[in-house]
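Visitor: Sequence first, predicted coordinates after that:
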Amino acid sequence: MIEEFRTLLNSINREGIDNLINFIEKTDFYTAPASTRFHGSYEGGLLEHSVKVYEILKHKVANTVIDINVSEDTLKIVALLHDICKVNFYKVDYRNAKNEQGVWEKVPYYTVDDLIPYGHGEKSVMMLTEYIKLTSEEKYAIRWHMGFTEPKEQYNTLSIAFKKYPLALLLHEADLEATYFYDI
């Protein structure tokens, strides 16, 4: 899956993509979990989740009831990199838990070690724009990909963003589908 991810990123025609790829290669992107407990809470979960979001988003855009006129590069960027904020974000810690025999033992689990506390979608946008220029549509899609898991005070703004940039809604849906239909 790493090679598939690398091939997709290397096919993006965007100034600065090489620097972004070099950054990713120096992080834990390929081994990081997608979350601590909600989905993909295992080594490599972030990579698997990101590739699955891309596959689903590509299908959704091709089959939606309205015309979503975006480039293949845009689909790759928003889907594969929407959660780049999760690189170097998790660490392994240990806690006591009973094993199958009822004996206490130390077991590993993921915890958050947020060195850049800048939100979620907005953090991914910020990190990406350090390397590549994003279109407005890409920024909105990545920023709002969490959809209605955002605080309810943001719902009006979120709705406006979804109407202005339908790709943002489709990315949110693809993220949910990857999480609930495919991730463990």
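Guide: Looks like it came in fine.

Visitor: Could you give the number of residues near the residue nearest to Cys85 when sequence neighbours are not counted?
Guide: Leaving aside its sequence neighbours, Cys85 sits nearest to Lys123 (CB to CB, 6 or more residues apart in numbering; 3.9 Å). Just so you know, the C-beta spots here come from the backbone N, C-alpha and C atoms, and that holds for glycine as well. Lys123 sits with 20 neighbouring residues when counted by other CB atoms under 10 Å.

Visitor: And the one 10 residues further on, by the same measure?
Guide: By the other CB under 10 Å criterion, the neighbourhood of Lys133 contains 11 residues.

Visitor: Who are the contact partners of it?
Guide: Listed by CB atoms under 8 Å, 6 or more residues apart in numbering, the contact partners of Lys133 are 14-16.

Visitor: Can you tell me which of these has the most neighbours?
Guide: When those are compared by neighbour count (other CB under 10 Å), Arg14 ends up highest, at 19 neighbours.

Visitor: For this protein, which residues score under the pLDDT cut-off?
Guide: Applying pLDDT under 70 to the chain picks out residues 183-184.

Visitor: Quick check, central residue of it?
Guide: In the chain, the centroid-proximal residue (CA atoms, centre = their mean) is Asp83; its distance is 2.5 Å.

Visitor: Distance of it relative to Glu3?
Guide: Applying CB to CB, to the nearest Å, the value for Asp83 to Glu3 is 20 Å.

Visitor: remind me, longest helix of this protein?
Guide: The single longest helix within the chain, with elements called by DSSP state H, is helix 45-63.

Visitor: Run a quick neighbour tally on Val51.
Guide: Neighbour tally, Val51, other CB under 10 Å: 18.

Visitor: Isn't it up against Phe5?
Guide: Yes: Val51 lies in contact with Phe5 (CB atoms under 8 Å); the separation is 5.9 Å.

Visitor: helix/strand/coil for Glu131?
Guide: Not quite, residue 131 is Tyr, not Glu. Three-state assignment for Tyr131 (DSSP: H, G, I helix; E, B strand; the rest coil): coil.

Visitor: So it is in contact with Glu15, correct?
Guide: No: applying CB under 8 Å, one finds Tyr131 not in contact with Glu15, separated by 9.4 Å.

Visitor: is it true that Ser41 lies in a helix?
Guide: No: checked against three-state DSSP, Ser41 lies outside a helix; its state is coil.

Visitor: What is the burial count for it?
Guide: Neighbourhood size, Ser41 [other CB under 10 Å]: 16.

Visitor: How about it, nearest residue that isn't a chain neighbour?
Guide: Here the residue nearest Ser41, using CB to CB, 6+ apart, is Pro33, at 5.0 Å.
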